[in-house]
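3D model of this:
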Amino acid sequence: MKLAPETWILVSDGQKYLVLENKGDQDIISLQTVAHGEADPSDLSADGLERPGRFKAFADRRGAGEITNIHDIAEQRFVADLATKLDDWAQKGRYSALVIIADKTTIGVLRSRLTDHVKERLIAEIGRDIVHQTTPEIEAFIEKA
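Residues are numbered from 1 along each chain as shown. From the prediction side, this is the model:
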């Protein structure tokens, strides 16, 4: 994939994100970190660790609700916060082109939360989890994409 200079690349997995900028040209990608972050472990509070709720199913029987998956909730909050950051950066004119590389679940949640400011700058989405790779490995991945 050819990237114009100053294109931003968001790499995320729902618990960690990395924003890189192409400081090279279209032929030679040179990525530099713009921003990064990780989910706060304190978001996994004890709220969701309780046993499932009970309800009266019939006059003489009780049923149990599903257990809350706090990890999924924390990931959705993290991705929603990330979408807000992308929107803030877009409105401030910090980037004009964006590529998102993330696992398919994160892309799905992120896509539903992106504003028009971000969508008009989005040039590609790639469904792959590479957030834990080094910058040279990410550069090589993008060149092959």
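
Just give the number of residues close to Ala124.
Using other C-beta atoms under 10 Å, Ala124 has 15 neighbouring residues. All C-beta spots, glycine's among them, are computed from the backbone N, C-alpha and C.

Show the subsequent helix or strand relative to the helix or strand harbouring it.
Assessed by DSSP states H and E, Ala124 sits inside strand 122-127. Moving toward the C-terminus from strand 122-127, the next helix or strand (DSSP H and E) is helix 135-144.

residue boundaries of the helices in this structure?
Ranges of helices in the chain, per DSSP state H, are 70-91, 104-113, 116-119, 135-144.

Does anything pack onto the last one? Which helices or strands?
Going back to what we said before, that points to helix 135-144. On a contact count with 3 or more C-beta pairs under 8 Å, 6 or more residues apart in numbering; DSSP states H and E, helix 135-144 meets strand 8-12, strand 31-38, strand 98-102.

With mean neighbour count and distance to His117 added, can I get those strands in CSV?
Listed next are those as CSV, based on neighbours: other C-beta atoms under 10 Å; distance: least, C-beta to C-beta, whole Å:
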stretch, mean neighbour count, distance to His117
strand 8-12, 25, 13
strand 31-38, 14, 17
strand 98-102, 23, 10
